[in-house]
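Asker: Requesting a structural model of the entry that follows:
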Amino acid sequence: MKTLTLLRHAKSSWDDPVARDFDRPLNAKGRRAAAMMGRHLKSLDMAFDHILASPAVRVIETLDEVWSGYGRKLAPVWDKALYLASSASLLDQVHALPDDSDHVLMVGHNPGLEDLVLDLTRDGELRERVEEKYPTATVAQLTLPITRWADAVSHSATLIAFIRPRDLDPTLGPDTP
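Answerer: From the prediction side, this is the model:
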């Protein structure tokens, strides 16, 4: 059995005048949400033996805040192929994960992460929540009945958790006019 935890980067700042989307930083709400998610992951006793992450600034800053809340820093493998990757590309990344890793954290972007969850999982209430929206700083955790990552296939995983920042703190939900 393998466990794949997917984390979408936290809310970024569209007000920051950066030249490239890749360089967009987090905003204050995103920093709060990421730190809270880190505290929640720690409270659930989640431990990861491999972390794969996009090197986009907003992902790096998300992980910095998650580690702040989590209480210790874990070293990811940075892979530019995760930047705005499609579900198919992300599945290729899953297939290439080291088989000695049983619980992997993948950190990246939408729509790829959302599409990957929808591709890998079967129908269910949590999956319906993913279909509605996969907000920033949200964690989806899937279990796969495999011993080798290369054996991951569509509709074989079970979505066991879908945790949005607003589930932990309603002030981290969508802005209201």
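Asker: and stretch 49-57, how far apart are its ends?
Answerer: One end of stretch 49-57 to the other measures 23 Å (CA to CA, to the nearest Å).
Asker: again with stretch 117-129
Answerer: Its start and end residues considered, stretch 117-129 measures 11 Å (CA to CA).
Asker: With stretch 87-103 instead?
Answerer: Rule used - CA to CA; the end-to-end distance of stretch 87-103 is 19 Å.
Asker: residue ranges with poor pLDDT in this protein?
Answerer: 16, 175-177 (pLDDT under 70).
Asker: Now do the strands in it.
Answerer: Using DSSP state E, the strands of the chain run over 2-8, 50-53, 77-78, 103-108, 139-144, 158-163.
Asker: Output those in JSON lines, with mean neighbour count appended to each entry.
Answerer: Any C-beta I mention is one placed from the backbone N, CA and C, and that applies to glycine too. As requested, the strands of the chain are arranged in JSON lines below (neighbours: other CB atoms under 10 Å):
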{"stretch": "strand 2-8", "mean neighbour count": "22"}
{"stretch": "strand 50-53", "mean neighbour count": "20"}
{"stretch": "strand 77-78", "mean neighbour count": "14"}
{"stretch": "strand 103-108", "mean neighbour count": "23"}
{"stretch": "strand 139-144", "mean neighbour count": "22"}
{"stretch": "strand 158-163", "mean neighbour count": "17"}
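Asker: how about the helices in this protein?
Answerer: Taking DSSP state H to define them, one finds helices in the chain at 28-43, 57-70, 87-95, 112-120, 125-132, 165-168.
Asker: Out of those helices, which gets nearest to K2?
Answerer: Taking CB to CB as the criterion, K2 comes closest to helix 87-95 out of these, the separation being 9.1 Å.
Asker: contacting residues around that closest one?
Answerer: Applying CB atoms under 8 Å, 6 or more residues apart in numbering, the contact partners of helix 87-95 are 4, 52, 79, 81-82, 85, 104, 106, 108, 111-113, 115-116, 118-120, 149-150, 152.
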